[in-house]
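In: predicted structure and sequence below. I'll ask about it afterward.
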Amino acid sequence: MAKILLKNYLWLLDKLSKRSMTFAELSESYEKSSLYETGRPLQVRTLYNWREKIDDLFGIQIIYENESYTLKNQNRINYNSPQRWLIQAIAVNDIGLRSQKLRSRILLEDIPSGEDFITDIIDAMENGNVIKLIYRRFNDYCDNTPLYAEPYCLKINNRRWYALCNVISNKTKEQRRESKECNNLKIYALDRIQSLEQTSMKFVYPQNFNPEDFFADYFGVCIGYDTALQYVEIRVDGEQREYLKSLPLHHSQKEIYRFKDYSIFQFQLHPTIDFIRAILSLGADAEVLKPLALRDVIAQEISIMNDFYNDDNVNKN
């Protein structure tokens with residue numbers, strides 16, 4: 001799938017997420033967009049193909065009735081969905097490209113690297129092809145061992161793209177079936193992929209697997225299988241609690257107590273390192289109350305940082 005095709009799909013979703021539109025309205029809007037190529041107006045057949053692809057990729061149906069195109073299940077594009085994020089990014093980018101005056105006045109958060117492999121992975125997911133990649137963690141500078149994996153989904157977190165894959169090593173389809181090797185799910189940051197290519201090996205995406213459900217009980221992309229699902233209670237003081245209410249840390253977040261100067265928020269998740277770092281980023285405005293084990297971990301991290309800043313051996317000149 002070419003990058004321009006994905007942009008076309010997201011452009012169409014952005015337009016129809018606002019209201020229903022006739023073909024004439026869509027055609028006129030398309031010719032004003034940065035995607036338009038002179039002399040190649042939007043065709044009904046092209047629009048039909050985009051609708052089919054959007055249904056396949058995002059599970060969002062676009063129906064034609066009363067001479068207008070309408071999103072049938074618009075609730076799939078919720079506030080926190082990756083679809084919404086992508087649509088907004090394309091819409092803002094389109095405005096910037098069409099208007100030189102606005103380009104310098106619309107500031108987007110940069111994602112430094114990793115985008116080179118996004119369309120390749122989407123292609124592999126769409127075609128059901130196993131990918132071969134060379135991946136180097138930050139502490140494995142000399143490891144060039146290729147990995148073979150089934151790409152399940154893409155996720156963005158803290159300005160980095162990640163791929164969730166079922167790692168199958170280099171076994172053939174028949175060998176994997178005999179060994180019943182499965183559910184070896186790993187997260188790979190795209191900015192640490194050295195090379196990636198599709199192989200001729202095929203895989204079948206499990207029908208009972210849902211990426212949103214998989215990540216639902218985690219924060220970020222760290223999937224610590226050794227960290228139990230549990231309730232976490234955090235006291236948040238002052239104005240910081242309003243920020244937390246307007247932009248929740250996690251979908252399970254609930255304000256269970258509210259007092260004059262502070263609130264207590266409850267979460268149900270696996271408190272992995274990503275969640276711990278998020279709590280620490282709140283600084284002195286947040287205090288973990290439960291569970292005690294997590295409170296101790298946070299206290300230990302704070303103690304270590306305190307030692308750093310009170311080290312008399314540091315050159316203060």
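Out: All right, it came through fine. Residues are numbered from 1 along each chain as shown.

In: give the next helix or strand downstream of the host helix or strand of residue 55.
Out: Residue 55 belongs to helix 44-58 when assigned by DSSP states H and E. Toward the C-terminus, helix 44-58 is succeeded by strand 62-65 as the next helix or strand (DSSP H and E).

In: which other helices and strands does that next one contact?
Out: Contact here means 3 or more C-beta pairs under 8 Å, 6 or more residues apart in numbering; DSSP states H and E; on that basis strand 62-65 packs against helix 44-58, strand 68-71. The C-beta positions use only the backbone N, C-alpha and C, and glycine is treated the same way.

In: ok, 7 Å please
Out: Packed against strand 62-65 by the contact rule (3 or more C-beta pairs under 7 Å, 6 or more residues apart in numbering; DSSP states H and E) you find strand 68-71.

In: which parts of the strand it packs on are buried?
Out: Using 16 or more other C-beta atoms under 10 Å as the burial criterion, the residues of strand 68-71 that qualify are 69, 71.

In: show me where this structure has helices.
Out: 3-18, 23-32, 44-58, 82-98, 100-103, 118-127, 173-179, 211-215, 240-246, 273-280, 292-309 (DSSP state H).

In: turn these into CSV, columns for mean neighbour count, mean pLDDT and distance to residue 145.
Out: Formatted as CSV, the helices of the chain follow (neighbours: other C-beta atoms under 10 Å; pLDDT from 0 to 100; distance: least, C-beta to C-beta, whole Å):
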stretch, mean neighbour count, mean pLDDT, distance to residue 145
helix 3-18, 18, 77, 29
helix 23-32, 14, 90, 46
helix 44-58, 15, 86, 32
helix 82-98, 17, 56, 30
helix 100-103, 10, 57, 43
helix 118-127, 17, 86, 19
helix 173-179, 12, 48, 18
helix 211-215, 13, 89, 26
helix 240-246, 15, 90, 42
helix 273-280, 17, 92, 25
helix 292-309, 12, 92, 33
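
In: indicate which one of those is closest to residue 191.
Out: Judged by C-beta to C-beta, the one of those that comes nearest to residue 191 is helix 118-127, at 11.3 Å.

In: can you tell me which residues contact residue 263?
Out: 236, 241, 255, 257 (C-beta atoms under 7 Å, 6 or more residues apart in numbering).

In: check the nearest residue to the last one once chain neighbours are set aside and give its pLDDT.
Out: Just to be clear, that refers to residue 257. In this structure, residue 257 finds its nearest non-sequential neighbour in residue 264, 4.2 Å apart by C-beta to C-beta, 6 or more residues apart in numbering. We have a pLDDT of 96 for residue 264.

In: what sits against the closest residue to residue 240 other than its chain neighbours?
Out: In this structure, residue 240 finds its nearest non-sequential neighbour in residue 285, 3.8 Å apart by C-beta to C-beta, 6+ apart. Contact partners of residue 285, counting by C-beta under 7 Å, 6+ apart, are 236-238, 240.

In: ok, 10 Å please
Out: 234-241, 243-244, 262 (C-beta atoms under 10 Å, 6 or more residues apart in numbering).

In: and of those, the nearest to residue 292?
Out: residue 234 (13.3 Å).
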